[in-house]
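>>> quick one, what's the 3D model for this:
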Amino acid sequence: MRVSELPVWFVLPSTEVEKQLEILNQRLEELQKEISQIERSAEEKQQLVSKLQEKSEKLEDALTAAKKFSSHHQMHLTKLAHLAKACTQENPQSEAKGRHQSSRCFSIRLVTHAVLVFVDCFPSG
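Residues are numbered from 1 along each chain as shown. Okay, here's the model as predicted:
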């Protein structure tokens, strides 16, 4: 076996080997510190991801609730509009019945107007 084929540590004098070993140990420590920092950073990012997922779920729940509320709101507005329309189209058959229906229609129109004003103040879009 020739000297050029021998490993570097075998050819170097012992003081050089010790220096090389010290350099390699320092590099190992630096890499271990770097690995620890990367692991901490990954942990922090995982915690952030978890918090963001929780917020996302809460927002999705809130959106679902808002859609449900909006749907119910729209259903009630539609019923109210049908009642108001029916009041404008009805013909009282008797005077007593007519007064009762007129009072009812007035109430429905008043509530319809109030709801429409409220809806205009708080648009759903």
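
>>> give me the neighbour count for Gln46.
10 (other C-beta atoms under 10 Å). From N, CA and C alone the C-beta is placed, and that goes for glycine too.

>>> which element, helix or strand, includes Phe69?
helix 14-89 (DSSP states H and E).

>>> shaky segments in this structure?
For the chain, applying pLDDT under 70 flags the ranges 1-13, 84, 87-102, 104-106, 108-109, 113, 115-125.

>>> thinking again about what came up before, list the helices and strands the helix holding Phe69 packs on?
helix 8-11, helix 95-121 (3 or more C-beta pairs under 8 Å, 6 or more residues apart in numbering; DSSP states H and E).

>>> repeat the analysis, applying 6 Å as the threshold.
helix 95-121 (3 or more C-beta pairs under 6 Å, 6 or more residues apart in numbering; DSSP states H and E).

>>> and for Gln20, the neighbour number?
13.

>>> that should have said Ile23, apologies.
Neighbours of Ile23 using other C-beta under 10 Å come to 10.

>>> same question, the one 5 residues further on
Burial measure for Leu28: 10 neighbouring residues, criterion other C-beta under 10 Å.

>>> contacts only, for it.
With C-beta atoms under 6 Å, 6 or more residues apart in numbering as the criterion, no residue contacts Leu28.

>>> separation between it and Glu16?
19 Å (C-beta to C-beta, to the nearest Å).

>>> same check on Ala65?
The value you get for Ala65 to Glu16, if C-beta to C-beta is used, is 73 Å.

>>> and Ala66, how close does it get to Gln26?
According to C-beta to C-beta, Ala66 stands 59 Å off from Gln26.

>>> can you check Gln20 too?
11 Å.

>>> please apply the same query to Asp61.
From Asp61 to Gln26 the distance is 53 Å (C-beta to C-beta).

>>> how many residues are close by Asn25?
10.

>>> try the one 10 residues further on
Using other C-beta under 10 Å, Ile35 is surrounded by 10 other residues.
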